[in-house]
Every structure is written in structure tokens, then in C-alpha cells.
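>>> Just to be clear, the model below is a prediction. Sequence and coordinates:
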Amino acid sequence: MSQTRIAFIGGGNMARSLVAGLIADDHEPGALTVSDPVAEVRSRLAETYGVHTTDDNAAAAAAAEVIVLAVKPQAAPEVCRALAPHLQRPAPLVISVMAGVTEAAICSWLGGETPLVRSMPNTPVLVQSGAIGLHANAAATAAQRNLAEEILRAGGLTRWVDTEADLDAVTAVSGSGPAYFFLFMEALEQAATAEGLDADTARLLAIQTALGAARMAVESDESPAELRRRVTSPGGTTERALGTLTDGGLEPLLARAVAAARARAQELSQLLGADA
Ligand SMILES: NC(=O)C1=CN([C@@H]2O[C@H](COP(=O)(O)OP(=O)(O)OC[C@H]3O[C@@H](n4cnc5c(N)ncnc54)[C@H](OP(=O)(O)O)[C@@H]3O)[C@@H](O)[C@H]2O)C=CC1
Ligand SMILES: O=C(O)[C@@H]1CCC=N1
């Protein structure tokens, strides 16, 4: 059982998902502290997971071996600047899950040299099926990089990227990606209802089909393209449906959506730049 003392600054969706993953991975709940201004958020986290909660970011950070920054990007400058005077020095490992907030910006707000691992998880971390991109700054030691990876691996698959800029692409693909697949499930459910299936059956079939396809893609040695071909009988029903999707521009549309998400991550980086 890991007893690393981790403080989460911000107790929303992402922190909750990471906490759930850690506890499912046998992390000691008493070693986790979540700091959030909302009393209801705190009591739900304490009741569900048995973690410590507080509304005092500085106290949570001061007692931690690892600090996880999990507030909205727009709140990051104020939250980090307020933490700066309370950080132990040398600074402990800081892990950020914030989209589009650069290592340079975080370190400038925290002041002084800070070992930092920027990560981009996604909400399936809640069920330990997350996909998590990682990048470390130069101040993070090999041991700290390993520690960050171990913490995040509790939530799913981890992958180091070569450059910090790659994290914007990770954000657009897997950070936001669960929403794309949920939208596809919603659309398939609606189509099923339009074809006369009852609502329960429509939802069940849409979700189970997504699960089955994802499991096959994960467990098979074949590419998704080959798995698709195996469903598609020549002259059959799938061919007709895929033709409709391709004629409607599905692939370029998805490429545009991912590029738009990446551009937004870059925009956030520029809006929330480092202190001069
Ligand atoms: N949701 C996702 O799928 C993913 C999110 N992320 C990143 O994770 C971060 C958090 O996102 P998410 O969990 O969805 O957002 P949430 O809004 O659910 O969580 C943020 C939490 O931080 C609280 N908060 C606000 N100000 C402070 C403060 N000063 N000190 C401590 N806590 C504060 C918020 O309270 P209040 O609501 O009152 O403002 C809220 O409970 C973001 O930076 C996002 O980019 C990364 C990958 C995926
Ligand atoms: O939508 C967002 O900005 C966050 C980052 C990735 C997923 N959710």
C-alpha cells in the first residue's frame, strides 16, 4: 500500500477521478488530501473515499510530498502565486493536470526551481482506464519522474511525450477524446431510437457496442482498420453505412475537431503565460 502524501489542489472531476484510481490501486486514503473551496465537494470526497479534505490550499501543500494542481486553467495563476510562499524548499514534486498551462508559467507563478511533471489525463481514470500523457521539466529528477508515473499509472495507461508542445496534441486526442466517443454513443442511441428501438434497448446496444469495439481494439493484434474490414461484408449493410459516414466527411470533420481542440490548448497557453 502506497503512503505517499499527495495534496490535490482543486477537488473537481479530474481530482476525483485520480483519487478514485489511486484508492482502487491500494493507495492509503489517509495519505491523500483534497483542497477545494466548496463544502459539498469536500464532504462528498471525504465520505466516498475517506480522504482528508480542507479549504486551505497552503496547509495541504505544505504537508505534502507531491502536489497535484487540478484547478481550472483560468484559476491557475492566482492559486499558484498564493501557494508559492508556503512551498517547502527545495520544492516537492508538482504534478499539473491543467490543460494548456505551460511548465514555464507554473514555475514562474510558484517561484524558485520546481520539479514539475505536466500531465494530460482523461476522465476514464475514474475506472482505471485512462490514457495519460506526461512531460517533465528539467528540474524533475528520474526518481520524481518515476513517482509521477506511478501515481498516474493508477488511473490507466501512461505515455511520456518528447516535447511539452506534444501535450497540446494529447489534450486534443485523449484528454478531450472521451467526449467524442460519448457523443458518438449518444448519436448512435438516437439513431437506434429513430429506427424504432425502445429507449433502453437503444442505449444498451450503443454502449455495449462501443465497449465491445474498444475491447477488441485493445486486445487484438490487428489494427482498427483491419477490425473494421472484418465487420464490413462486401455488398453488405456496414459498407452502406460507412459509405454514408465517409461521404458526410467524418474523417476530415474529426481532424478539424482535434485541430480546434489543440488550437484552444495553445490559446490557453498564450493567455496564461509565464510572469515576466
Ligand atoms: N475534465 C476533464 O476531462 C479533464 C480536465 N483536465 C484539467 O483538469 C483541471 C480540472 O478540471 P475539472 O476537474 O474538470 O474541473 P472542475 O471545475 O470540476 O474542478 C476544479 C475544482 O477546483 C475548485 N477550485 C476553484 N478555485 C479553487 C482554489 N482557489 N483552490 C482550490 N480549488 C479551487 C473548483 O471549485 P468551483 O467549482 O467552486 O470553482 C472545482 O471544484 C483543469 O485544469 C482541466 O484542464 C485535464 C484532463 C481532462
Ligand atoms: O475541456 C477541457 O478543457 C478539459 C481538458 C481536456 C478535457 N477536458
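Arrived safely, thanks for sending. Ligands and ions are numbered 1, 2, ... in the order given.
>>> use CA for all of it now, contacts and neighbours both
Will do.
>>> Residues of the stretch 51-200 of the chain that sit close to ligand 1?
Contacts of the stretch 51-200 of the chain with ligand 1, taken as Cα under 6 Å from any ligand atom, map to 70-73, 75, 79, 97-99, 120-123, 175.
>>> Residue 137 is in contact with residue 116, correct?
Yes: Residue 116 lies in contact with residue 137 (Cα atoms under 8 Å); the separation is 5.6 Å.
>>> So if I had to pick from these two, which one is more boxed in?
Set residue 116 next to residue 137 and count neighbours by other Cα atoms under 10 Å: residue 116 wins out with 29 against 17.
>>> what about the helix or strand of the chain with the lowest mean pLDDT and ligand 1, touching?
Sorting the helices and strands of the chain by mean pLDDT, DSSP states H and E puts helix 13-24 at the bottom, at a mean of 92. Yes: judged by Cα under 6 Å from any ligand atom, helix 13-24 comes into contact with ligand 1 at 13, 14, 15.
>>> helix or strand for the residue of the chain positioned farthest from its centre, which one?
Residue distances from the centre of the chain (Cα atoms, centre = their mean) peak at residue 235, which lies 40.5 Å from the mean C-alpha position. Counting by DSSP states H and E, no helix or strand carries residue 235.
>>> closest to ligand 2 among the residues of helix 13-24 next to ligand 1?
For the residues of helix 13-24 next to ligand 1, the residue nearest ligand 2 by Cα to the nearest ligand atom is residue 14; the value is 8.6 Å.
>>> Find the nearest non-adjacent residue to that closest one, please.
Closest residue to residue 14 apart from its sequence neighbours, by Cα to Cα, 6 or more residues apart in numbering: residue 123 at 6.4 Å.
>>> For that neighbour, grab the count of nearby residues.
24.
>>> how much space between it and residue 136?
In this view, residue 123 and residue 136 are 21 Å apart by Cα to Cα, to the nearest Å.
>>> try residue 190
Look at residue 190 and residue 136: by Cα to Cα, they are 43 Å apart.
>>> How about residue 89?
Distance from residue 89 to residue 136, by Cα to Cα: 19 Å.
>>> From the neighbour counts alone, determine which of these two ranks first.
Using other Cα under 10 Å as the criterion, residue 89 and residue 136 rank with residue 136 on top: 23 against 10.
>>> Spatially, what comes nearest to the more buried one if we skip its sequence neighbours?
Residue nearest to residue 136 in three dimensions, not counting chain neighbours: residue 117, with 4.3 Å by Cα to Cα, 6+ apart.
>>> ok, now which ones touch the one you found?
Residue 117 makes contacts with 93, 94, 95, 96, 134, 135, 136, 137, 140, 145, 148, as judged by Cα atoms under 8 Å, 6 or more residues apart in numbering.
>>> If any of these are buried, give me the PyMOL selection for them.
Under the burial definition 16 or more other Cα atoms under 10 Å, those of the contacts of residue 117 that qualify are selected in PyMOL by:
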select buried, resi 93+94+95+96+134+135+136+137+140+145+148
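>>> Go through the contacts of residue 117 and name the one nearest ligand 2.
When these are ranked by distance to ligand 2 (Cα to the nearest ligand atom), residue 96 comes first, at 11.9 Å.
>>> Can you tell me how far the closest one is from residue 89?
Between residue 96 and residue 89 the computed distance is 18 Å (Cα to Cα).
>>> Now for the closest residue to ligand 1 within the stretch 151-276 of the chain, how many residues are close by?
In the stretch 151-276 of the chain, the residue found nearest to ligand 1 is residue 175; the distance is 4.8 Å by Cα to the nearest ligand atom. Residues near residue 175, counting by other Cα under 10 Å, number 25.
>>> Please verify my assumption that residue 275 contacts residue 105.
Yes: counting by Cα under 8 Å, residue 275 touches residue 105, with 6.6 Å between them.
>>> more crowded one of those two?
Higher neighbour count among residue 275 and residue 105: residue 105, with 20 against 12, using other Cα under 10 Å.
>>> who does the longest strand along the chain touch, helix- and strand-wise?
For the chain, the longest strand by residue count, based on DSSP state E, is strand 130-136. In this structure, strand 130-136 packs against strand 116-120, helix 142-153, strand 156-160, helix 166-170, with contacts taken as 3 or more Cα pairs under 8 Å, 6 or more residues apart in numbering; DSSP states H and E.
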